[in-house]
Each structure stands twice: as C-alpha cells, then as structure tokens.
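**Student:** no FASTA, just this:
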DNA sequence: GAATCCATGTTGCTACTGACAACATAGACC
DNA sequence: GGTCTATGTTGTCAGTAGCAACATGGATTC
C-alpha cells in the first residue's frame, strides 16, 4: 500500500510552506494581519497545530517572511529599472517610483504588511541593510540626475525627501483601505503616471 | 476611617481610564502595538485583570479610542487653520499639510496607530465619516485655491491626490521607525517647510 | 442623616493561542 | 536493505481576551 488512499490525507502535506504563505496572504486581505493565527491556518489546511512550526518557528517569522518576499520583489524590480540603459537618470527615478506604486496598488495586503511596524520589527537585520543600500543607491541616482541638469539648484537630500515622500504617499493611497474609502475616486494607473510625470517634469 | 491608608491601595483607582491610555501609548512607543495587553497593563497599574473592561470593552476598543483621540486632534487643528482669515486659500492648504506632518513628527507612535489597519478596522463609522468630510472639505479648498489662479490648469482631483500623497508620505517619513533609520538624516522642521513651500509654490 | 443606586473594581471561569518537547512517519541517501 | 533526517503529530504549559457573578463605596435622594 505505498499508494496514498484518496480518502486519507498523506502523512506529509507536500508543500505546506507555500500553502501557509498563500493562505496567510488571503487571511490578511480578508481580515487583516491581526487575524492570522498559526493554529487556525493549520486547521484550515488540515494539518496538526504544530506542523507550521517546522517551516516558521514563530508567527512573527511567518509574517516577516511574507513581508520579506515582497521587499525582495520590489528591490529586484528596482534593480532592473536601474540597469535599463535606454532610460535617462530622471526616467530611471520615475520608473522606480512608478514600479513601487503600481506594485502596491496591485498587492495592497502585501504592501500594508511591509508597512506594518509590528511585522517589520521582526525582519532580518540583513533585510534592513538592503533597504538602506537601496536608499543610498536612490540618493546617488538623484545626484546623477542633478548632474544632468535636473533640479540642479536644489539640495540632494531635499529632493530625496520629496521623491520618497510622494512615492510612499501614493503607494499608501493605492493600498490603504482607509484612504481607498475616503478618496473620492479610485487611484487609476494613468493618474499615478500623471502625478509622477508632473512631479518629475517628464510631462512638460 | 474615611481617609485612605497610605499603604493600602484604595478600592477605586481614581482615573483608571486616563492611566490606561497613557500607559498604552508608552508601551506602543517602546514595544509596538502588538505588545499592548490589557492584563499586563492592569498588572502594571495594580488593578485586577478585568478592571480595564469597565472602561474599554475590548482591547481593540482601547486602541481605537487612542487612535480616535489622535484623529480628533488633527481634525480640530485643521479646522482652526481653515478658519484663519489671515491666510489665502493656498496658504490654508499649506498650513493644513504642515500641521499634519509636524504632529506626526512630534507623536510618532500615535501617528503610526492611526495608520494601522488592524486598529482602524475597529474605528467608529462616525469617525470614518468625519474623515470623509475632511477629505471633501479639503477638495473644496483646493477648488477655491484653483479659482484664485493656483494650478488652475490641473484637474482638481489630480491636485488632491498629489497633496494628499505628499502629506501622507512626509508624515510617514517623520514617524515610521523604518524610514527614520533608513533616511540619511533626520527630517527637520525646516526641511518639511522647504518641501511644502516648493510644492505649493509659496517659496518662489 | 440614612437608605439606595450604580459606576467601578474583583474573583473565577472558559476558550483560544503561541511555544515547546517527545514521539512518529516516510522519503532520501548510502 | 538500513539509516538519517525533514516533516508531521500528540501532549502540555503559560499567557491572553472575554464573560459572568459578586463586592465596594461614593453619589443621590428622601
């Protein structure tokens, strides 16, 4: 009887790790991070209450891992945009910002997770360092764009703050349920484009 | 013996409600929202584990009440700025934005609380309606500023999105611990002013 | 001034959760 | 074919939220 019976669940789930992550994201989308419970997930999936521990030692580790995957995706996407030789430095800045906001709009729950203090508190030091590196890279890019003549009168750090704030704010408007209900209309992709174009001066 | 003995705690605490709120904010500042526990608060304060229930029926209610007080303060401050007859419409817009960002910088934990999905999920409908009213008021103000000639070419909703995003983003940079560690320097008040002036065109 | 009321606090309980330890299973590897 | 190890299970403990029944004493009323 090495074949698994159709009616009895096999001893090993097969891909519990991925299943846990997928279900957790679904729960977050439906009921928020607070509602994520390892035991409830295990029940839903049909494994014992301690099975998730084999993949994530703690509840925080599960949430941090999900957040981490999101940040990784963002960093990779940003890396590709930075390496695109067809873009000017200003266009690269715009492309990075757009990539972030569009991703947040497409993955609101995932984005709110990486903006969640309690979750990020348990993130790797490694990950935080990556984020710092990203910020430095960003600032260097701004410097190069300024060398090209773009906003050359302004202090680099001030431009950095402006761009970062605008991008973070747009991402928030696109993904935060409160803003999404309060905003008169939905935040459309063309609207994001228009705001960024105007801000970067790539429209005029 | 109507005088309370110095060594024995009186049966009634006196101002448990305020004490709970104050301690909770301190805990949030030190260890995050996640770390707030009604029972731990009760222990620290020296009352029984069920005493907090008399003031806040649930844990969520305590957090929501704290968040609510923050939003109330913000709305009131905005109301005053709106009513200031010495300011032009554009200056009022700038003043509202600055008030929000400066408050967030001064009360980071409180601000992160009102930006917390899990907490705001338990906010009154009443409060959400107030926030919507605020948004409509804001949009009307933009319309009047446009009638004065400011950014009259742009669509009102687009300007609204820009200002809201920039303001929310600056507030995030000023209060979110992650951004505060990632940012090369601290976000100073003059920097906030400079960014807003530039954005509003009140600098040139 | 005494009787009563009720806001506030207490004790005791249940259900749920995260975390840990000891044990079971089965696929992988030698 | 035998062993190793990743994965899953059962059992247990401490901490927590939430509820109910009871206690206290300041405020109110007659």
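**Tutor:** Everything's here; your move. Since the model is a prediction, treat every value here as computed from it, not as a measurement. Numbers count the residues shown, from 1 in each chain, chains lettered A, B, ... in the order given.

**Student:** elements contacting the helix or strand hosting residue A:169?
**Tutor:** Assigned by DSSP states H and E, residue A:169 belongs to helix A:156-175. Applying 3 or more Cβ pairs under 8 Å, 6 or more residues apart in numbering or on different chains; DSSP states H and E, we find helix A:156-175 packed against helix A:89-106, helix A:108-114, helix A:125-147, helix A:177-182, helix A:189-200, helix B:156-175, helix B:189-200. The way it works is simple: take the backbone N, C-alpha and C, and place the C-beta from them, glycine included.

**Student:** quick check, distance from the last one to the centre of its chain.
**Tutor:** A distance of 20 Å separates the centroid of the chain from that of helix B:189-200, by Cα atoms, centre = their mean, to the nearest Å.

**Student:** counting contacts, what elements does that helix pack onto?
**Tutor:** helix A:156-175, helix B:89-106, helix B:156-175.

**Student:** Can you say which of those is nearest to DNA strand D?
**Tutor:** Closest approach to DNA strand D among these (Cβ to the nearest atom of the strand): helix B:156-175, 24.0 Å.

**Student:** Could I get the buried residue list for the closest one?
**Tutor:** Using 16 or more other Cβ atoms under 10 Å in any protein chain shown as the test for burial, helix B:156-175 gives B:156, B:159-175.

**Student:** Contact partners for the closest residue to residue A:194 other than its chain neighbours?
**Tutor:** Leaving out its chain neighbours, the residue that sits closest to residue A:194 by Cβ to Cβ, 6 or more residues apart in numbering or on different chains is residue B:158, at 5.9 Å. Residues near residue B:158 by Cβ atoms under 8 Å, 6 or more residues apart in numbering or on different chains: A:191, A:194-195, A:198.

**Student:** mind checking the longest helix of chain A?
**Tutor:** Ranked by residue count under DSSP state H, the longest helix found in chain A is helix A:59-83.

**Student:** Find the nearest non-adjacent residue to residue A:116, please.
**Tutor:** residue A:33 (6.0 Å).

**Student:** give me the number of residues near that neighbour?
**Tutor:** Per other Cβ atoms under 10 Å in any protein chain shown, the neighbour tally for residue A:33 reads 21.

**Student:** Lowest mean pLDDT among the helices and strands of chain A, which one is it?
**Tutor:** Comparing every helix and strand of chain A by mean pLDDT, DSSP states H and E singles out helix A:177-182 as the least confident one, with a mean of 82.

**Student:** counting contacts, what elements does that helix pack onto?
**Tutor:** helix A:156-175, helix B:117-120, helix B:125-147.

**Student:** Kindly reformat those helices as CSV and extend each row with mean pLDDT and distance to residue A:24.
**Tutor:** As requested, those are exported to CSV (pLDDT from 0 to 100; distance: least, Cβ to Cβ, whole Å):
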stretch, mean pLDDT, distance to residue A:24
helix A:156-175, 95, 17
helix B:117-120, 91, 14
helix B:125-147, 91, 27
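
**Student:** Of the ones you listed, give the one that comes closest to residue B:18.
**Tutor:** The closest of the helices and strands packed on helix A:177-182 to residue B:18 is helix B:117-120. By Cβ to Cβ, the value is 19.2 Å.

**Student:** That closest one vs chain A: in contact?
**Tutor:** Yes - on the criterion Cβ under 8 Å from any Cβ of the partner chain, helix B:117-120 is in touch with chain A at B:117-118, B:120.

**Student:** Who wins on neighbours among these?
**Tutor:** When the residues of helix B:117-120 next to chain A are compared by neighbour count (other Cβ under 10 Å), residue B:120 ends up highest, at 22 neighbours.

**Student:** For the residue nearest to that residue when sequence neighbours are not counted, give me its contacts.
**Tutor:** The spatially closest residue to residue B:120, leaving aside those adjacent along the chain, is residue A:178, at 5.5 Å (Cβ to Cβ, 6+ apart). Residue A:178 makes contact with B:117, B:120, B:128, B:131, according to Cβ under 8 Å, 6+ apart.

**Student:** which stretches of chain A have low pLDDT?
**Tutor:** For chain A, the stretches with pLDDT under 70 are A:1-12, A:184-185, A:203-204.

**Student:** returning to that earlier point: just the buried subset of the contacts of residue B:158, written out for PyMOL, thanks.
**Tutor:** Only the buried entries of those go into this PyMOL selection, using 16+ other Cβ under 10 Å:
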select buried, chain A and resi 191+194+195+198
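
**Student:** Surely residue A:169 is in contact with residue B:173?
**Tutor:** No - using Cβ atoms under 8 Å as the test, residue A:169 is too far from residue B:173 to be in contact (9.4 Å).

**Student:** one step back: using a markdown table, lay out the contacts of residue A:178 together with distance to DNA strand C.
**Tutor:** What follows is these, written out as a markdown table (distance: Cβ to the nearest atom of the strand, whole Å):
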| residue | distance to DNA strand C |
| --- | --- |
| B:117 | 17 |
| B:120 | 21 |
| B:128 | 26 |
| B:131 | 28 |
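
**Student:** In CSV, list those along with distance to residue A:42.
**Tutor:** Output for the contacts of residue A:178, formatted as CSV (distance: Cβ to Cβ, whole Å):
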residue, distance to residue A:42
B:117, 24
B:120, 29
B:128, 34
B:131, 37
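
**Student:** Pick the one among the residues you listed closest to residue B:78.
**Tutor:** Nearest member of the contacts of residue A:178 to residue B:78, counting by Cβ to Cβ, is residue B:131, at 11.0 Å.

**Student:** I'd assumed residue B:70 was in contact with the closest one.
**Tutor:** No - counting by Cβ under 8 Å, residue B:131 stays clear of residue B:70, with 11.9 Å between them.
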